[in-house]
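Participant: Model the following, please.
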Amino acid sequence: MFDVLQLHQALVAAARPSGAEHTGIAKVLKEMAAPYVDEITTDAMGNLICHKKGKGKKVMLCAHMDAIGFMVTGADKWGGLSIAPIGGFDPASLINARIVFPNGTRGIIKAKEAAKTLSGGWTSIKMTDLYVDIGACSEKEAMKKVSVGDLAVYEGLPQAVAGHKIMGPYADDLIGCVVLLLAMEQLESSKYDVYFVFSTQEEVGSRGAKTASLAIKPDIAIATDVCGCDDTPMQDGKNRVIFLGKGPTVKIKDASVICSPELNAQLKKTAKKADLTVQDEILLGGGTDTCSMQMSGPDVMATCVSIPTRHIHSAAEMYDWRDVEQAGALLAAFLNQ
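Facilitator: The predicted structure follows:
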């Protein structure tokens, strides 16, 4: 059976920001998925569509393979790089984050001195207050190492921490990709016509899932992604509902979608029959590829199976690998029934 940590590390090593998936992560996923499906195609958006042929209803399982990242927009006379975000960030959380470019150039994100208050703290940080130090001492030297338009991602690989937890960059949503690989591996003979889709550009508007679902025309659509959890000190005093290590979640709603009650009931019935634990998920904000798939046709039942995750969109996202294994087992059980 696939090892969650090893899989996640291999995918993070090939992580690419939205729009550049074809230069790294897509190639790795194609190689991993090939033994378990009948056909793999890539559409114009770069979606990797892995088809396990069947005669029943069409089921689309979707995890986005793009990552949040950074694009070089220029350099100052001292060699500091200015950057634009690819995807959503809290700029303050980026200070001191280490990043790496595909050519191996490394740097650290810092805040400009002008963003400091008189007491030495920080004002409300904006992306324009940040720069990247790659060790260059002039604009000319910096532009020999990188070019305007070059993309970078967080540096570092996920590592095991306390208990059954794993911490590192890009649980969102490479761990969703791991869930699909686990489901593929456990797929036996399904009554469904199954499409495993590793979608592109979710972090900039769920663009890949839109085109893929319009082409596939699924009857049933299930995204796999991450969701925030309530078991941290930051949630003290609030109702605690979602926890690491208590199973994947079945989404009821988020800011972009209200999921199919019928499909959710089927997944929960499957989980109970397979002796798997699931949690309910209600999010006030955010969204996933679920919305794009749900709106691709008039008869699509859509939902999302999520992995509870702390510190989403940081360089140190944290999840419990047991939740990932259970999510893969749940999807496989649903398809195999």
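Participant: Per the annotation, how does this protein divide into domains?
Facilitator: Under automatic domain parsing, the residue ranges defining each domain of the chain are 4-67+169-336, 69-154.
Participant: now the end-to-end length of the first one.
Facilitator: Taking C-alpha to C-alpha, to the nearest Å, the span from the opening residue of domain 4-67+169-336 to its closing residue is 22 Å.
Participant: before we move on, what about stretch 18-38?
Facilitator: End-to-end for stretch 18-38, by C-alpha to C-alpha: 27 Å.
Participant: ok, and for that stretch, which residues are buried?
Facilitator: 18-21, 24-26, 28-29, 32-33, 36-37 (16 or more other C-beta atoms under 10 Å). In this view, the C-beta of every residue, glycine as well, is placed from N, C-alpha and C.
Participant: farthest pair in those residues?
Facilitator: Using C-beta to C-beta, the pair of the buried residues of stretch 18-38 lying farthest apart is G19 and Y36, separated by 27.1 Å.
Participant: ok, now how distant is the residue sitting nearest the centre point of the chain from T270?
Facilitator: In the chain, the centroid-proximal residue (C-alpha atoms, centre = their mean) is D173; its distance is 1.4 Å. To T270, D173 is 22 Å away according to C-beta to C-beta, to the nearest Å.
Participant: shaky segments in the stretch 151-300 of the chain?
Facilitator: Within the stretch 151-300 of the chain, the segments meeting pLDDT under 70 span 234-240.
Participant: hey, where'd the helices end up in it?
Facilitator: 171-186, 207-216, 261-273, 290-294 (DSSP state H, counting those that start in this stretch).
Participant: Check which helices and strands the shortest one sits against.
Facilitator: By that I understand helix 290-294. Applying 3 or more C-beta pairs under 8 Å, 6 or more residues apart in numbering; DSSP states H and E, we find helix 290-294 packed against helix 207-216, strand 220-228, strand 301-309.
Participant: Go through stretch 90-97 and flag the buried ones.
Facilitator: Buried residues in stretch 90-97 (16+ other C-beta under 10 Å): 91, 94, 97.
Participant: Pick out whichever of the residues you listed sits closest to A255.
Facilitator: Top of the list for closeness to A255, among the buried residues of stretch 90-97 and by C-beta to C-beta, is P91 at 21.3 Å.
Participant: Can you tell me the closest non-neighbouring residue to the closest one?
Facilitator: Distances taken as C-beta to C-beta, 6 or more residues apart in numbering place I125 nearest to P91, at 4.4 Å, with adjacent residues excluded.
Participant: Number of residues surrounding the closest residue to I95 other than its chain neighbours?
Facilitator: With C-beta to C-beta, 6+ apart as the criterion, I95 has its nearest non-adjacent residue at 5.2 Å, and that residue is A111. Neighbour count of A111, defined by other C-beta atoms under 10 Å: 19.
Participant: What are the neighbouring residues in contact with S82?
Facilitator: 72-76, 128, 131-132 (C-beta atoms under 8 Å, 6 or more residues apart in numbering).
Participant: Assign a three-state SS to the residue nearest to P91, would you?
Facilitator: Following DSSP: H, G, I helix; E, B strand; the rest coil, the label given to I125 is coil.
Participant: which residues touch stretch 84-100?
Facilitator: 17-19, 66-71, 73, 106-111, 122, 125-127, 129-130, 132, 151-156, 203-204, 313-315.
Participant: now with 7 Å?
Facilitator: Residues outside stretch 84-100 that contact it (C-beta atoms under 7 Å, 6 or more residues apart in numbering): 17-18, 68-71, 73, 106-111, 122, 125-127, 129-130, 132, 151-156, 203-204, 313-315.
Participant: Could you do stretch 273-281 as well?
Facilitator: Applying C-beta under 7 Å, 6+ apart, the set of residues contacting stretch 273-281 is 227, 242, 246-252, 268, 271, 306, 326, 329-330, 333.
Participant: Buried ones from those residues, can you make that a PyMOL selection?
Facilitator: Here is the PyMOL selection string for the buried members of the contacts of stretch 273-281, based on 16+ other C-beta under 10 Å:
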select buried, resi 227+242+246+247+248+249+250+251+252+271+306+326+329+330+333
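Participant: still on that earlier bit, I'd guessed the residue nearest to P91 sits against I109; true?
Facilitator: No - counting by C-beta atoms under 7 Å, I125 stays clear of I109, with 10.7 Å between them.
Participant: if you count what's nearby, which of those two comes out ahead?
Facilitator: Set side by side, I125 and I109 show more neighbours around I109, with 22 against 17, by other C-beta under 10 Å.
Participant: Is the more buried one located within a strand, as I assumed?
Facilitator: Yes - under three-state DSSP, I109 falls within a strand.
Participant: Quick check: bridge partners of it?
Facilitator: Counting by DSSP bridges, I109 is bridged to V132.
Participant: how much space between it and K140?
Facilitator: Separation of I109 from K140 (C-beta to C-beta): 22 Å.
Participant: can you check A316 too?
Facilitator: Using C-beta to C-beta, one obtains 35 Å as the distance from A316 to K140.
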